[in-house]
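1. Predicted structure and sequence below. I'll ask about it afterward.
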Amino acid sequence: MGDFLSSNSFVIAQIVLCVVIWVALQLSAAVMVYAERKVAAYLQQRLGPNRVGPAGLLQPIADVVKLLFKEELRPAAADPLLFGLAPIIAATAAFAAFAVVPFGGSTTLLGLLTQPLPLHVADVNVGVLVVFAITSMGVYGIVLAGWSSNSKYSLLGGLRASAQMISYELSYATALAAVILLAGSLSLRDVVDAQQGAWLGFIPRWYVFLQPIGFLIYVIAGVAETNRAPFDFPEAEQELVAGYHTEYSSMSFAMFFLAEYINMVTVSAVATDLYLGGWHGPFLPESLGWIWFLLKVGAILFFYVWMRWTLPRYRYDQLMAFGWKVLLPASVLNLIATAAAVLYFGI
């Protein structure tokens, strides 16, 4: 009877963890909206949200309520099925990609569990490939949204998204391959565990120190993959009104909005696991390592926002030229150098 109860409590804890992650990802979008507005305001020497709630903290809730009560509109010539399916695909891919991302070691919930609960939804031994595959599926929602809207602005936004994904996905994957060579595993948890300890007693064994070029390539390609400035061509307001989601309103638009911010969190979380040692850090026990993980993810997300309000958008031909003529050759050379170092020096 005791074994039955203990096994049931573990299953319940796993279900609760899944629900907590699902809710946390949704809340992360609200927090990012507020943080982005505040950071943008400080960078531009203004106040930002300050009316709804103390210091404007309730502004994201006001935005959600506004979107909930807006009328759902669909162009008369739009494809009804694909028009409704596109935001669902984008949001589902965004949530699913985070499922294999570990964000902590394991915990017994202060002794409530008889066996440690690993802090992830699914432990997949090819987690890097799963993240890569699912995030690639998200662009289908954007392309379908652009095509099904029967709008020239939306169609151009969808075409730009597909071309941008193809151009930067190669550099993105090649940067990941260099880390896989160093860790000798496709499991994200194994990659994090390989970064434990320190060189000379004080330098963390993070792969960012072994792969500075790879980390830079990953970040640039990640920004382009999530369609964020200065690579936000699929939704360029000055050129395409709002791009692929021009014809969307109410909760359909909100789902695209949600997917974009969750994808930002996923890219930042994977970068933390691959290059910044994951949840490993000083001063905190393993059970509280998720705090280090959140701090590292927050730092990368701040960089996302900082870039948006600092760098101008490139021209489209510059985007393509940079991806194919600069980023891809640099990522290939980095992979070759990494393979040579692993082969000859046993890094």
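-> Right, received. Where do you want to start?

2. Flag the shaky bits of the chain, pLDDT-wise.
-> Residue ranges of the chain with pLDDT under 70: 1-7, 110-112, 238, 347.

3. Check what contacts stretch 173-188 and list those residues.
-> 100-102, 123-129, 131-132, 190-191, 194, 207, 210-211, 214-215, 217-218, 221, 270, 273-275, 328, 331-332, 334-335, 338-339, 342, 347 (CB atoms under 8 Å, 6 or more residues apart in numbering). For glycine as for every other residue, the C-beta is placed from the backbone atoms N, C-alpha and C.

4. which residues touch stretch 10-28?
-> The contact list for stretch 10-28 (CB under 8 Å, 6+ apart) reads 94-95, 98, 109, 112-115, 117, 119, 121, 258, 261-262, 265.

5. does G48 really touch A35, like I thought?
-> No: between G48 and A35 there is no contact under CB atoms under 8 Å: 9.8 Å.

6. picking that back up, quick check: helices, which of the contacts of stretch 173-188 are part of them?
-> Using DSSP state H, the subset of the contacts of stretch 173-188 located in helices is 127-129, 131-132, 190-191, 207, 210, 214-215, 217-218, 221, 270, 273-275, 328, 331-332, 334-335, 338-339, 342.

7. Show me which of those residues are buried.
-> Buried subset of the ones in helices among the contacts of stretch 173-188 (neighbour count, 16 or more other CB atoms under 10 Å): 127-128, 131-132, 190-191, 207, 210, 214-215, 217-218, 221, 270, 273-275, 328, 331, 334-335, 338.

8. Show residues contacting stretch 133-142.
-> Under the contact criterion CB under 8 Å, 6+ apart, stretch 133-142 has outside partners 86-91, 93-94, 96-97, 157-158, 161-162, 165, 169, 225, 227, 234, 244, 256, 259, 263, 266-267.

9. Just the buried ones among those residues, please.
-> For those, a burial check counting by 16+ other CB under 10 Å picks out 86-87, 89-91, 93-94, 96-97, 157-158, 161, 165, 169, 225, 227, 234, 244, 256, 259, 263, 266-267.

10. who's in contact with the closest residue to L294 other than its chain neighbours?
-> Leaving aside its sequence neighbours, L294 sits nearest to F103 (CB to CB, 6 or more residues apart in numbering; 7.8 Å). Contacts for F103 (CB under 8 Å, 6+ apart) come out as L119, H120, A269, G278, W279, W290, F293, L294.

11. what's the most distant pair in the residues you listed?
-> Taking CB to CB as the measure, the contacts of F103 span a maximum distance of 14.6 Å, between H120 and L294.

12. Next secondary structure after the lengthiest helix in the chain?
-> Counting residues, the longest helix in the chain under DSSP H turns out to be helix 2-43. Downstream of helix 2-43, the first helix or strand assigned by DSSP states H and E is helix 59-69.

13. Taking their axis directions, that next one and helix 2-43 sit at what angle?
-> For helix 59-69 against helix 2-43, the angle by axes from the mean of the first three to the mean of the last three CA atoms, to 10 degrees is 100 degrees.

14. Restricting to C-alpha, output the helix or strand that helix 59-69 is followed by in CSV.
-> Once the chain leaves helix 59-69, the next helix or strand it forms, by DSSP H and E, is helix 80-97. The C-alpha trace of helix 80-97 is given here as CSV (Å, rounded to 0.1, in the frame of the first residue of the first chain):
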residue,chain,number,x,y,z
PRO,A,80,-11.6,29.5,-42.8
LEU,A,81,-9.8,26.3,-41.8
LEU,A,82,-6.2,27.3,-42.3
PHE,A,83,-6.9,30.9,-41.0
GLY,A,84,-8.0,29.5,-37.7
LEU,A,85,-5.5,26.7,-37.6
ALA,A,86,-2.4,28.9,-38.1
PRO,A,87,-2.2,30.5,-34.6
ILE,A,88,-2.9,27.2,-33.0
ILE,A,89,0.1,25.6,-34.8
ALA,A,90,2.3,28.5,-33.8
ALA,A,91,1.3,28.4,-30.1
THR,A,92,1.4,24.6,-29.9
ALA,A,93,4.9,24.4,-31.3
ALA,A,94,6.0,27.1,-28.9
PHE,A,95,4.7,25.2,-25.8
ALA,A,96,5.9,21.7,-27.1
ALA,A,97,9.5,22.9,-27.7
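
15. Let the chain start at 279 from now.
-> Got it, first residue is 279 now, which makes that one helix 358-375.

16. mind listing the helices for the stretch 429-578 of the chain?
-> With DSSP state H, counting those that start in this stretch, the ranges of helices along the stretch 429-578 of the chain come out as 430-461, 466-471, 485-488, 490-503, 515-518, 528-553, 567-586.
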